[in-house]
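Q: Quick check, what structure comes out for this input:
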Amino acid sequence: MSSSTAVDGGSTSRKKHKRKLWASALFLLPAWLLLLIFFIGPILLTFYFAFTNLSLTGSEAQSTQFVGFSNFLNMFQDPNFRISVMKTVVYLLFSAIIGQQVLGFILALLMKEKNPAFRRVIGIIIIAGWVTPEIVVAFCWVAFLNDSGTLNALLQQVGLKPVAWLFTFPMASVIIANIWHGTAFSMLVFQAALDDVPKSIEEAAVVDGASRLQVLYKIVLPMIKGSVVTNMILVTLQTLGVFTLIYAMTGGGPGTSTQTLPIFMYNQAFVNYQLGYGTAISLILLLIGVLVSVLYLKSMKVKV
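A: The predicted model follows:
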């Protein structure tokens, strides 16, 4: 009787466990449906459209056909695509890696152990640029850099000739604007990481004869390596997808001087109406983001 009772009890327990699982799945069903419709579905459609001749005009708009790797072959043979890749690398290197990452770390380091009121005021000023929408940031910098803008007015006040910044130095202009807009995020990440570094370890290293630079490079940076990699990945992915700021400031020009991959993708998909080709470019952009992220993780010896 005891063994039979144990079997019945185990069967009842399993049935209750299954009912709980089904109940949990039922409650999660709306969330899964939303993910399927608005996230997984568009991703699958993107992969499909990248291998078609989908277009907004012409015969392709009425009869979309599967074309295999034709979009990708045409892309790699297109000189404008190669120019866009080069512009994207330059924009990413100076805007995200050198600009936001380095400047954000310097700002966080300078504010370390400062008066809380001072940190609060400076933080609010810097974060104000980060929370400002990209389109507003673009208009602010256009007003500052255009021919009759604030910067040229200041130059004329000191006897210097005005400069057509957006025409003469377009890439530098959009890089500086993006650094101004995004540096606050890096500063916040590094500020939180630096606050977690035990002060006693730094003081012990100084007592042992280590200089401030040695403490920074041999103690502080290794201890916040995870934050450095995480911030680098997030800032890189954000910068790779920047469209509004560049398009509103320069439109990708003059010529192709600021035509990064998002601008090139937009022009192909919505100016030339080649949606299939534009979607293929978006997959390449996604692949670049994945490869760069893995490269960061491997170079910093962080387990994937």
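
Q: Tell me, how many residues neighbour residue 228?
A: For residue 228, the neighbour count with other C-beta atoms under 10 Å is 20. Heads up, the C-betas are built off the backbone N, CA and C, glycines and all.

Q: Flag every buried residue along stretch 130-144.
A: 130, 134, 137-138, 140-142, 144 (16 or more other C-beta atoms under 10 Å).

Q: how about the residue sitting nearest the centre point of the chain, what does it touch?
A: A centroid search over the chain (C-alpha atoms, centre = their mean) returns residue 238, at 1.3 Å, as the residue closest to the centre. When contacts are counted by C-beta atoms under 8 Å, 6 or more residues apart in numbering, residue 238 touches 96, 182, 185.

Q: Show me what secondary structure element comes after the helix or strand where it lies.
A: Per DSSP states H and E: residue 238 is located in helix 225-240. In the C-terminal direction, the helix or strand that comes right after helix 225-240 (DSSP H and E) is helix 244-249.

Q: list the helices and strands that next one packs on?
A: Here helix 244-249 touches helix 134-145, helix 170-195, helix 261-266, going by 3 or more C-beta pairs under 8 Å, 6 or more residues apart in numbering; DSSP states H and E.

Q: mean confidence for it?
A: What helix 244-249 shows for mean pLDDT is 94.

Q: Alpha carbons of it, as CSV, please.
A: Only the C-alpha atoms of helix 244-249 are listed here, as CSV (Å, rounded to 0.1, in the frame of the first residue of the first chain):
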residue,chain,number,x,y,z
THR,A,244,19.0,61.2,-38.2
LEU,A,245,22.0,63.2,-37.0
ILE,A,246,24.0,62.9,-40.2
TYR,A,247,21.1,63.1,-42.6
ALA,A,248,19.7,66.3,-41.0
MET,A,249,23.2,68.0,-40.9
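
Q: residue contacts, residue 129?
A: Here residue 129 is in contact with 137, 180-181, 183-184 (C-beta under 8 Å, 6+ apart).

Q: Name the nearest of those relative to residue 228.
A: residue 183 (15.0 Å; C-beta to C-beta).

Q: That closest one: neighbouring residues, count only.
A: Residue 183: 25 neighbours (other C-beta under 10 Å).

Q: Also residue 164?
A: Residue 164 has 13 nearby residues by other C-beta under 10 Å.

Q: So what does it have for phi and psi?
A: Reported as degrees, to the nearest 10, the phi and psi values for residue 164 are phi -80, psi 80.

Q: which SS class is the nearest residue to it once chain neighbours are set aside?
A: Nearest residue to residue 164, sequence neighbours excluded (C-beta to C-beta, 6 or more residues apart in numbering): residue 147, at 5.6 Å. At residue 147 the chain is in coil, as set by DSSP: H, G, I helix; E, B strand; the rest coil.

Q: Touching, residue 147 and residue 161? I think so.
A: No: applying C-beta atoms under 8 Å as the test, residue 147 and residue 161 come out as separate, 11.4 Å apart.

Q: Need the pLDDT of the nearest residue to residue 274 once chain neighbours are set aside.
A: Spatially, and ignoring its direct neighbours in sequence, residue 274 is nearest to residue 268 (5.2 Å; C-beta to C-beta, 6+ apart). At residue 268, the model reports a pLDDT of 93.

Q: since we're on residue 268, how many residues are nearby?
A: Per other C-beta under 10 Å, the neighbour tally for residue 268 reads 25.

Q: How much space separates it from residue 224?
A: 41 Å (C-beta to C-beta, to the nearest Å).

Q: same question, residue 274
A: 45 Å.

Q: try residue 94
A: Taking C-beta to C-beta, one finds residue 94 at 23 Å from residue 224.

Q: same question, residue 284
A: 33 Å.

Q: try residue 18
A: 46 Å.

Q: higher neighbour count, the two?
A: A count of neighbours by other C-beta under 10 Å puts residue 224 above the other of residue 18 and residue 224, at 21 against 10.

Q: The more buried one: what's it in contact with?
A: Neighbours of residue 224 in contact, by C-beta under 8 Å, 6+ apart: 190, 193-194, 196-197.

Q: swap in residue 53?
A: Each residue near residue 53 by C-beta under 8 Å, 6+ apart is listed here: 60, 64-65, 67, 70-71, 276.

Q: Quick check: residue 171 touching residue 90?
A: Yes: checked against C-beta under 8 Å, the pair residue 171 and residue 90 is within contact range at 6.5 Å.

Q: Great, nothing more from me.
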